[in-house]
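Asker: predicted coordinates and the sequence they were generated for:
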Amino acid sequence: MDIELISKTSDFLKIIWLAARTCKSKKNPQELWDEKPSQEDMERIAGTIIRSGHNSVLEHCYVTYAVSGVSRSLLAQYTRHRIGISISVQSQRSVSQSSDKNGGAFDAVVPHMIESNEQAKEIYMGQLESIQQCYDKLLELNIKKEDARFVLPNAASTNFVTTLNLRSLLDVYNKRVKTPGAQWEIKEMIGRFADLICDEEPWLKGYFISE
């Protein structure tokens, strides 16, 4: 998989500080925004908010990622997290998966356990090749892409753009990285989401720790 952070709220800490202070200050948010709080004070307030679970102010901070080369299986899991998360996905209905268009078989994800087992990988790749042949033959019979795609497997690769607010990112991280038994692919993706935002906002590292 390939993941890139392409956009984010310019200053997470200042936005969180502003939203939190607005809730408990006589000053209006315009006046507060003109203040210059210290890094220490902003981190203190952000930490108090996150630890207390009063995370609504975190929703003002967003991050957008470009994601490619992940499976439709991952997509099905990720789209269960709907609140505070937006996603725009490459369409199998519009984008042909024919061998003529791709210069070979459609892109697919191979699970690590299968990749490391020669016999299992041979079976797996053989099935993907069979599916490709079926898809191509359906198109040759003038079956529309939107119907031919029904034979494509969960392994088929897809690409998407996704935007999360910080509250939602912390929530999905807790469920897909910290929770025992989370599947490897989505665990890796969300872990990389966290790493990328922590590179931009280092103060967040203490809140994205897997257990």
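Answerer: Structure received.

Asker: how near is the residue of the chain most remote from its centre to Cys198?
Answerer: In the chain, the residue that sits farthest from the middle, by Cα atoms, centre = their mean, is Lys26; the gap is 38.4 Å. Here the criterion is Cβ to Cβ, to the nearest Å. By it, Lys26 lies 35 Å from Cys198. Heads up, the C-betas are built off the backbone N, CA and C, glycines and all.

Asker: hey, C-alpha coordinates of stretch 175-188 in PDB?
Answerer: Output in PDB follows, covering the C-alpha atoms of stretch 175-188 (Å, rounded to 0.1, in the frame of the first residue of the first chain):
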ATOM      1  CA  LYS A 175     -10.400   0.100  17.300                       C
ATOM      2  CA  ARG A 176      -8.100  -1.000  14.500                       C
ATOM      3  CA  VAL A 177      -4.600  -0.800  15.900                       C
ATOM      4  CA  LYS A 178      -4.900  -1.000  19.700                       C
ATOM      5  CA  THR A 179      -7.700  -3.600  19.800                       C
ATOM      6  CA  PRO A 180      -6.300  -7.200  19.900                       C
ATOM      7  CA  GLY A 181      -7.200  -9.200  16.800                       C
ATOM      8  CA  ALA A 182      -7.500  -6.300  14.300                       C
ATOM      9  CA  GLN A 183      -6.700  -7.500  10.800                       C
ATOM     10  CA  TRP A 184      -3.200  -6.800   9.600                       C
ATOM     11  CA  GLU A 185      -4.000  -4.700   6.500                       C
ATOM     12  CA  ILE A 186      -6.300  -2.100   8.100                       C
ATOM     13  CA  LYS A 187      -4.000  -2.100  11.200                       C
ATOM     14  CA  GLU A 188      -1.100  -1.200   9.000                       C
END
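
Asker: who's in contact with it?
Answerer: With Cβ atoms under 8 Å, 6 or more residues apart in numbering as the test, stretch 175-188 has contacts from 1, 70-71, 73-74, 77-78, 81, 109, 111-112, 190-191, 194, 208, 210-211.

Asker: tell me the domain boundaries of the chain?
Answerer: 2-88+159-207, 96-155 (automatic domain parsing).

Asker: deepest in the core, which of those domains is it.
Answerer: Compared across those, domain 2-88+159-207 shows the largest average neighbour count, a mean of 16 (mean count of other Cβ atoms under 10 Å).

Asker: now the end-to-end length of that one.
Answerer: In domain 2-88+159-207, first residue to last residue: 24 Å (Cα to Cα, to the nearest Å).

Asker: now do stretch 21-36
Answerer: End-to-end distance (Cα to Cα), stretch 21-36: 13 Å.

Asker: off-centre distance for it?
Answerer: With Cα atoms, centre = their mean, to the nearest Å as the basis, stretch 21-36 stands 33 Å off its chain's centre.
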